[in-house]
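S.K.: I need the structure of the sequence given here:
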Amino acid sequence: MIKINTLFHMILICSCMGTCFGFMEIIVAAGSYLYQKLPCFSGACCTKNEIPANYHALEASLKDKLFGQPLVLNTVVNALKSHWNDNYRAEKALTMSFHGGPGVGKNYVTKMIQEALYTQGTRSPHVHMFVARLDFPEVSKVPEYQRNLARWIKGNVTNCPKQIFIFDEVNHMPAGVLDAIKPFIDYYDYINRINFREVIFIFLSNTGAQIVNEHTYTLWRKGIKKDEMKLSDFEKLISQGAFNEKVSNRILVTTDLQFQELWLICVFYVLSQIRKVNRLLK
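M.R.: This next block holds a predicted model:
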């Protein structure tokens, strides 16, 4: 505010003197710069300084810190790269759904995404986390939750289109809450003159762990190594909505990922080592 007041005082002085020897051009340029920077005074800038989208850092973090989830690395990085690509116009908001039991890395990966996309990471004003049992605890208040959620999304995206909204514990969310975001993730160019195509939605759910484990084990028995498994190997389960009906049946999900149990990964490793030993003993 001090800068703006000083600018106004300088304009007033120049007006009274009748001449500023070209100083007015400088004032106009400075005024234009300050006007563009006004949102930044509240800590909600929307530039590459605040949103660097460092995909190399994300890829490095996933490789170094995430164990036993080969499907996640390429799928997540590629999805984010293509969505915020300067040479590509996204047709809709990016929606990613992460499934699996507790402790398999869903929240961990989500945190890495935030830290790579935003300078302030999880503290960025463009990052919004909702936890079902905390933010949407009562079934009777679903209409109220819908109104508040829609208002919150529209308000923030109006200020900056590159927002990320995370919904944790979706399996505990009352039915109907997520209906509020359906218009924002469909194939619309604009809604009320607002562009929602650059927004990222992430849904975290604890459902589907047993289904993932059983299917992974079946693939392994067929001779498909863990690191060779592809997202397409799970597409049938995804198309059947086997993981989370609260998301699958209501939301057009762009990327659906199943996090595998770490104990199962350890079992695979032990069995593979036993096989190697048996081959050597033959």
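S.K.: per-residue confidence at Leu117?
M.R.: With respect to pLDDT, Leu117 scores 97.
S.K.: what is the burial count for it?
M.R.: By other CB atoms under 10 Å, 24 other residues sit near Leu117. All C-beta atoms are positioned from the backbone trio N, CA, C, and that covers glycine.
S.K.: spit out the contact partners of it.
M.R.: By CB atoms under 8 Å, 6 or more residues apart in numbering, the residues touching Leu117 are Ile51, Pro52, Ala53, Asn54, Leu58, Leu80, Lys162, Ile164.
S.K.: of those residues, buried ones?
M.R.: Buried subset of the contacts of Leu117 (neighbour count, 16 or more other CB atoms under 10 Å): Ile51, Ala53, Leu58, Leu80, Lys162, Ile164.
S.K.: can you tell me which of those are in helices?
M.R.: Among these, DSSP state H puts Leu58, Leu80 in helices.
S.K.: what's the most distant pair in the buried ones among the contacts of Leu117?
M.R.: Leu58 and Lys162 (15.0 Å; CB to CB).
S.K.: shaky segments in the stretch 101-250 of the chain?
M.R.: Low-confidence segments of the stretch 101-250 of the chain, defined by pLDDT under 70: 208-217, 219-220, 224-250.
S.K.: hey, where'd the strands end up in it?
M.R.: 127-131, 164-168, 200-205 (DSSP state E, counting those that start in this stretch).
S.K.: of those strands, which stretch is the most buried?
M.R.: Of all the strands of the stretch 101-250 of the chain, strand 200-205 has the most neighbours on average by mean count of other CB atoms under 10 Å, namely a mean of 24.
S.K.: list the neighbouring strands of it plus their orientation.
M.R.: strand 94-99 (parallel), strand 164-168 (parallel) (DSSP bridges).
S.K.: could I get those as CSV with distance to Arg193?
M.R.: CSV is the format used below for the strands paired with strand 200-205 (distance: least, CB to CB, whole Å):
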stretch, distance to Arg193
strand 94-99, 21
strand 164-168, 20
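S.K.: and Arg221, which of these is closest to it?
M.R.: Of all the strands paired with strand 200-205, strand 94-99 comes closest under CB to CB, at 21.8 Å.
S.K.: rounded mean pLDDT for the closest one, please.
M.R.: The model assigns strand 94-99 a mean pLDDT of 86.
S.K.: could you dump it to CSV, C-alpha only?
M.R.: The C-alpha trace of strand 94-99 is given here as CSV (Å, rounded to 0.1, in the frame of the first residue of the first chain):
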residue,chain,number,x,y,z
LEU,A,94,-7.3,-33.1,-14.9
THR,A,95,-8.8,-35.6,-12.5
MET,A,96,-6.7,-38.3,-10.9
SER,A,97,-8.0,-41.0,-8.6
PHE,A,98,-5.6,-42.8,-6.3
HIS,A,99,-6.7,-46.1,-4.7
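S.K.: and the helices in the stretch 101-250 of the chain?
M.R.: Taking DSSP state H, counting those that start in this stretch, the helices of the stretch 101-250 of the chain run over residues 106-117, 132-135, 142-159, 209-221, 235-239, 245-248.
S.K.: name the helices or strands packed onto the longest one?
M.R.: In terms of contacts (3 or more CB pairs under 8 Å, 6 or more residues apart in numbering; DSSP states H and E), helix 142-159 is packed against strand 127-131.
S.K.: what's around the closest residue in space to Cys160 that isn't next to it in sequence, how many residues?
M.R.: Distances taken as CB to CB, 6 or more residues apart in numbering place Cys46 nearest to Cys160, at 3.5 Å, with adjacent residues excluded. The tally of other residues near Cys46 (other CB under 10 Å) stands at 16.
S.K.: Cys46 against Thr158, yeah?
M.R.: No. Taking contacts as CB atoms under 8 Å, Cys46 lies outside contact range of Thr158: 10.8 Å.
S.K.: what helices or strands is whichever helix or strand Leu71 is part of leaning on?
M.R.: Assigned by DSSP states H and E, Leu71 falls within helix 70-83. If contacts are counted by 3+ CB pairs under 8 Å, 6+ apart, helix 70-83 sits against helix 55-65, strand 94-99, helix 106-117, strand 255-258.
S.K.: got the ones you listed as JSON lines, with distance to Ile202 columns?
M.R.: Shown next, in JSON lines, are the helices and strands packed on helix 70-83 (distance: least, CB to CB, whole Å):
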{"stretch": "helix 55-65", "distance to Ile202": "14"}
{"stretch": "strand 94-99", "distance to Ile202": "5"}
{"stretch": "helix 106-117", "distance to Ile202": "6"}
{"stretch": "strand 255-258", "distance to Ile202": "9"}
